[in-house]
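> The sequence and its predicted three-dimensional model are supplied below.
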Amino acid sequence: MTDQLPSRDWLHAPSVVAHTGHLNTALDALQIKQPTLPASFSPYYTPKLPCLPQHQAKLPLTRKRLARQPPICPRQLPDVSDIRPETITGNVNNINSNCPDERMKFVLSRLTYHMHEFVRETNLTTDEWMAGIQFLTATGQTCTDIRQEFILLSDVFGVSALVDAIDHPKVGNSTESTVLGPFFTEDAHDIQHGDSIASENKGEYMYVSGRVIDSHGKAVANAVVDTWETDDQGLYDTQYADRTEPDCRGRLRTGPNGEYSFRAVVPVAYPIPSDGPVGQLLRKLERHAQGYETLVTTVFPRGDQYLTSDAVFGAKKSLIVDLKQVDDEALARKRGFKQGSKFKELEFDFVLVKKEDADAARKARAEASAAKI
């Protein structure tokens, strides 16, 4: 077992995570979470799992530990010595058939089947297989505590968007979720209502406010709003080599009426990171509260030229918003903007779905999918 994953004090409080941004840009604003998330594992930690910190990733298999493993009699294992293209898939699934976790066994058997079918369909060569291995190795080596190249890879193949669409179906009038993206970090500063998440001279001022409510209009108080965005250069703080502390990101709780507000900057369009294996791949492809579900979403300002061709398939029509131009010097000062009298304003309410409603929607989808197999 690895060490227990690090936690935040507010992990089981209601919370919101979303982006406001042009596609591929973001005022990545929110996770809306509620206290009833399982204590043992939360979707919040998913982005950290593929590349855990070094002290967590090491699992030394000592002789003493090996000695404690129950012996396996070879006679209890199926005979898989007949290795031919038409038998190997069944052999792999047979050798894994003793797995006590039925869900894991099902997922791995389907993964094995589709991977093998891919190899057969494409007549994959040894050189191509090795190129794929080297690419995945480089992807893993690019991951750090503040950069998730594997999530980016999942994003550009549409896998992240597909998983999100299946696991977080839209229920009623709830706010649609979208992909988390590779730029989330856990070190955002806690801020108060009206505070700025961005340091000065990071871009055009923007004031963001709204409420977190449920699908019946009831306020969700004490929800955590976790927000992050790019600066006016289209870069996240994690993309600067001299980063010493978080910038253009922050975390706050909603008030008694579900209200939230903070100062930010207007996000600008940005490309996905091109200095890693996934960026190289895209160049070859020639592309650019309790009882509630955790919401990870992005809000996209209208007018961006890339809204219909998002590289990570996250720009949904329901998440496109209009920014209001405000030319009021007195209001600008009241809001805390230090320079100039103009700013953009975004008011957006996040609507959460009850956990039981989301579970029912997921169950219906799973049953429909199972019927097709």
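Sure, I can see it.

> any low-confidence regions in this structure?
Confidence mapping of the chain against pLDDT under 70 gives the ranges 1-76, 270, 282, 284-290, 306-315.

> in it, which strand has the most residues?
Ranked by residue count and defined by DSSP state E, the top strand of the chain is strand 205-214.

> Sheet partners, orientation included, of the helix or strand just after it?
Following strand 205-214 in sequence order, the next helix or strand is strand 224-229 (DSSP states H and E). Neighbouring strands of strand 224-229 in its sheet, by DSSP bridges, are strand 15-20 (parallel), strand 27-32 (antiparallel), strand 249-253 (antiparallel).

> Check the offset of strand 224-229 from the chain's centre.
13 Å (C-alpha atoms, centre = their mean, to the nearest Å).

> Can you show me the CA trace of it as CSV?
The C-alpha coordinates for strand 224-229 follow below in CSV (Å, rounded to 0.1, in the frame of the first residue of the first chain):
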residue,chain,number,x,y,z
VAL,A,224,-16.0,25.2,-1.8
VAL,A,225,-15.3,27.0,-5.1
ASP,A,226,-11.8,26.1,-6.4
THR,A,227,-10.9,28.3,-9.4
TRP,A,228,-7.9,28.6,-11.7
GLU,A,229,-7.2,30.4,-15.0
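
> quick one: residue 273 and residue 152 touch, right?
Yes: the criterion here is C-beta atoms under 8 Å, and residue 273 meets it with residue 152 at 6.8 Å. C-beta: built from backbone N, CA, C; applies to glycine.

> Now the common contact residues for the two.
Listed contacts common to residue 273 and residue 152 are residue 182; contacts here mean C-beta atoms under 8 Å, 6 or more residues apart in numbering.

> Contact partners for the residue lying closest to residue 219 once chain neighbours are set aside?
Once flanking residues are discounted, residue 219 sits nearest to residue 258: 3.4 Å by C-beta to C-beta, 6 or more residues apart in numbering. Contacts for residue 258 (C-beta under 8 Å, 6+ apart) come out as 211-213, 219-221, 223.

> With residue 219 instead?
Per C-beta under 8 Å, 6+ apart, neighbours of residue 219: 211-213, 254, 256-259.

> With residue 105 instead?
Here residue 105 is in contact with 96-97, 99 (criterion: C-beta under 8 Å, 6+ apart).

> Doesn't it lie inside a helix?
Yes: assessed by DSSP: H, G, I helix; E, B strand; the rest coil, residue 105 belongs to a helix.

> With residue 80 as the reference, measure out to it.
Separation of residue 105 from residue 80 (C-beta to C-beta, to the nearest Å) stands at 16 Å.

> where do the helices sit along the stretch 51-200 of the chain?
54-57, 63-68, 88-95, 102-122, 126-142, 149-156, 159-167 (DSSP state H, counting those that start in this stretch).
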